[in-house]
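Asker: Please find the sequence and the predicted model below.
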Amino acid sequence: MRFIILQTATEGVSFFDSPWWRFITLMTQAVLVALWLALVFWTYKDAKRRLTDPLMIGVSVATSLFFPFIGTLFYTILRPPEYLEDILERDLEIRAREQELVGGANRCPVCRAPLRDEYLVCPRCRRRLKYRCAACDRPLDESWKVCPYCEEEVEAARGKSKTSIKEDELFA
């Protein structure tokens with residue numbers, strides 16, 4: 001090796017004119033091109049997961065392709081913060097919670113079974129939910145003092161409905 005270095009030094013050939021320098025330069029260029037193409041591919045894959053508009057995906061990839069390294073950097077700064085799957089999952093969770101809140105009034109307070117507005121007794125656990133009005137025969141809420149349909153006093157309806165349904169049948 002000393003002989004080669006001494007020989008090149010004596011001939012007046014510098015290191016930058018040697019085949020080793022050309023090899024290192026070519027390998028560095030190949031690695032940079034591979035990194036650039038990998039960043040273009042990454043930009044495409046990430047844009048597909050974050051954007052719905054095909055035009056925006058194309059602009060992102062073209063920017064990354066025509067402006068090496070800088071285009072990918074701009075895309076990284078300007079991209080949406082969330083993936084489309086995360087946005088969809090959050091929307092579904094919000095809808096489910098809204099349904100839970102809306103449907104919460106139509107569930108039995110004891111067993112959480114789904115109920116209809118006209119039910120007087122829970123069909124699963126037999127808990128009394130409402131009373132029947134003595135005058136108009138419509139369901140009444142326990143907190144009502146007067147029937148909103150016929151203006152009948154609710155106390156009379158509670159007394160009549162308690163005597164009409166035996167306690168043994170409700171909780172048996």
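Answerer: Structure's in. What do you need? Numbering: from 1, shown residues only.
Asker: Output the longest helix belonging to the chain.
Answerer: helix 19-50 (DSSP state H).
Asker: Mind giving me the packing neighbours of that one?
Answerer: helix 54-66, helix 70-78, helix 84-103 (3 or more CB pairs under 8 Å, 6 or more residues apart in numbering; DSSP states H and E). All C-beta spots, glycine's among them, are computed from the backbone N, C-alpha and C.
Asker: got the buried residues for the shortest one?
Answerer: With burial defined by 16 or more other CB atoms under 10 Å, the residues of helix 70-78 counted as buried are 71-72, 75.
Asker: Need the residues that contact that helix.
Answerer: Residues from elsewhere that reach helix 70-78 (CB atoms under 8 Å, 6 or more residues apart in numbering): 39-40, 42-43, 46-47, 60, 62-65, 67.
Asker: Going by distance to residue 100, which of these wins?
Answerer: Nearest to residue 100 among the contacts of helix 70-78, counting by CB to CB, is residue 46 at 34.1 Å.
Asker: Setting the sequence-adjacent residues aside, check what's closest to the closest one.
Answerer: Residue nearest to residue 46 in three dimensions, not counting chain neighbours: residue 79, with 6.9 Å by CB to CB, 6 or more residues apart in numbering.
Asker: okay, the most centrally placed residue in the chain: pLDDT?
Answerer: Against the mean C-alpha coordinate of the chain, by CA atoms, centre = their mean, the closest residue is residue 89 at 2.1 Å. Turning to residue 89, the model gives it a pLDDT of 95.
Asker: Could you measure from it over to residue 15?
Answerer: Distance from residue 89 to residue 15, counting by CB to CB, to the nearest Å: 58 Å.
Asker: Ok, residue 122 next?
Answerer: Taking CB to CB, one finds residue 122 at 91 Å from residue 15.
Asker: So these two - more neighbours on which side?
Answerer: Each of residue 122 and residue 15 has its neighbours counted (other CB atoms under 10 Å); residue 122 has more, 20 against 10.
Asker: these two touch, right, the more buried one and residue 116?
Answerer: No - if you go by CB atoms under 8 Å, residue 122 and residue 116 don't touch, sitting 10.8 Å apart.
Asker: So in this structure, where's the weakest helix or strand by average pLDDT?
Answerer: Here the helix or strand of the chain ranked lowest by mean pLDDT, DSSP states H and E is helix 167-171, holding a mean of 46.
Asker: re earlier: mind giving me JSON lines with the helices and strands packed on helix 19-50 and columns for distance to residue 30?
Answerer: Converted to JSON lines, the helices and strands packed on helix 19-50 look like this (distance: least, CB to CB, whole Å):
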{"stretch": "helix 54-66", "distance to residue 30": "18"}
{"stretch": "helix 70-78", "distance to residue 30": "19"}
{"stretch": "helix 84-103", "distance to residue 30": "35"}
